[in-house]
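Undergrad: give me a model of this one.
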Amino acid sequence: MKKEENTRLKEIRSHGTKTFPCAVYRTSSKGQGVMVKHHWHDEVEMLYFDKGGFLLEVNMEVYPVESECICFINPGELHSITKICSEESGEDAIVFHPAVLSFESYDAAQIELLQPIQNGRLLFPRQIFPGDAVFEEIRQYFKEILMIFHKDGTEKLWMTKGGVTDDVVSQMYIKSSLLRILAVLWKYQLFTVMTENGNKRVEEIKKVLSYIKGHYDEKIYIRDLAKLINMNEQYFCRFFKKSIGRSPMVYINEFRIRQAMHFLEDTDESVTEVAMECGYNNLGNFLREFHRQTGTTPLKYRKNSQNKKKSLTNI
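TA: Numbering: from 1, shown residues only. Okay, the predicted model is just below:
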């Protein structure tokens, strides 16, 4: 099995379909810890938290989510979500490519709003709270979009893998609600103009994460990661931990085990083959690390994932 390369450091997942790049997701967790790993993509992401207890990190800046709120992630921004409350809760996300809203004719909306968003010259506001004038209206349109996707998809599949729709009428309603959200933000002048392209630290950490994503099946040395961004090893380790929240080797092992989980779910390869695909030349080390992160064995994990797929197909 050949691993897909990703030299541009982006999330590999496609959001929506080729003709309608828009999808919804529900992410939830019972315990504390990282709920959504560091990643980025070319799409806009809108997040809705119905309660507090989270830390949203965007481009290495932390935004506490202490109550109900709506958050926006601009294209290309490195972001993650950490859950700090103990009760079961999560967030809903709508992810769409700005091109899905573009008009063929160049009217004022296309020139002044849609094209600048697509070109990265206009940025969405980071957080909107219930006390803000636009909150109720944006939340209404957000939930309308969720309901359309929910209606068109299987609930359990929507909750686990994300929702898409090929229905033309549904797509028109979704585009209408998205445009209404943009109209409200524009009306209240909540977009900001991108003044300069470049947080150097963010670009450096993206470069390192890209390398890990493209070479996780090989031996990765800290010195090689440090050389990528012209740092010595000691400073690099401090820089990486401050940026991502854990050491380079911990992150690499977490990434490798996540890949192993995908291989166990989607292929019939043996555990030994999966371990080798994920950069573990020692099976014992792989088994220990897999159990440490998941609390189970690779074979039990594969069996449980197969049972879940069977239950979804029987809906």
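
Undergrad: strands along the protein, start to end?
TA: 22-29, 33-39, 44-49, 54-58, 61-65, 69-73, 79-83, 89-96, 122-123, 127-128, 192-193 (DSSP state E).

Undergrad: and residue 246, which of those strands is closest to it?
TA: strand 33-39 (8.8 Å; C-beta to C-beta). No exception for glycine: its C-beta is placed from N, CA and C like everyone else's.

Undergrad: list the contacts of stretch 283-296.
TA: Identification of contacts with stretch 283-296 by C-beta atoms under 8 Å, 6 or more residues apart in numbering yields 253-254, 256-257, 260-261, 271-272, 275, 278, 280, 297-298, 301, 304.

Undergrad: if you set the cut-off to 7 Å instead, what comes out?
TA: Residues from elsewhere that reach stretch 283-296 (C-beta atoms under 7 Å, 6 or more residues apart in numbering): 253, 254, 257, 260, 272, 275, 280, 297, 298, 301.

Undergrad: how near is the nearest residue to the second one once chain neighbours are set aside to residue 271?
TA: So that's residue 254. Closest residue in space to residue 254, ignoring its immediate chain neighbours: residue 293 at 6.7 Å, by C-beta to C-beta, 6 or more residues apart in numbering. Applying C-beta to C-beta, to the nearest Å, the value for residue 293 to residue 271 is 15 Å.

Undergrad: most widely separated two among the contacts of stretch 283-296?
TA: Using C-beta to C-beta, the two most remote members of the contacts of stretch 283-296 are 254 and 272, lying 20.9 Å apart.

Undergrad: higher neighbour count, those two?
TA: Using other C-beta atoms under 10 Å as the criterion, residue 254 and residue 272 rank with residue 254 on top: 16 against 12.

Undergrad: I'd like the distance between the more buried one and residue 86.
TA: Distance of residue 254 to residue 86, given as C-beta to C-beta: 22 Å.

Undergrad: do residue 124 as well
TA: In this view, residue 124 and residue 86 are 31 Å apart by C-beta to C-beta.

Undergrad: which residues of this structure fall in helices?
TA: Here the chain has its helices, by DSSP state H, at 108-109, 115-118, 135-152, 155-161, 168-187, 200-215, 222-228, 233-244, 248-266, 271-277, 283-294, 298-313.

Undergrad: hang on, the earlier thing: neighbour count winner among residue 293 and residue 271?
TA: residue 271 (19 against 15).

Undergrad: with adjacent residues omitted, what lies nearest to the more buried one?
TA: Closest residue in space to residue 271, ignoring its immediate chain neighbours: residue 298 at 4.6 Å, by C-beta to C-beta, 6+ apart.

Undergrad: dump stretch 31-38 to PDB, keeping only the CA atoms.
TA: Output of stretch 31-38 as PDB, limited to C-alpha atoms (Å, rounded to 0.1, in the frame of the first residue of the first chain):
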ATOM      1  CA  GLY A  31     -13.100  13.200  28.600                       C
ATOM      2  CA  GLN A  32     -10.600  16.000  28.600                       C
ATOM      3  CA  GLY A  33      -7.700  16.400  26.100                       C
ATOM      4  CA  VAL A  34      -7.100  17.200  22.500                       C
ATOM      5  CA  MET A  35     -10.300  16.700  20.600                       C
ATOM      6  CA  VAL A  36      -9.200  18.000  17.100                       C
ATOM      7  CA  LYS A  37      -5.600  17.700  16.200                       C
ATOM      8  CA  HIS A  38      -3.600  20.500  14.600                       C
END
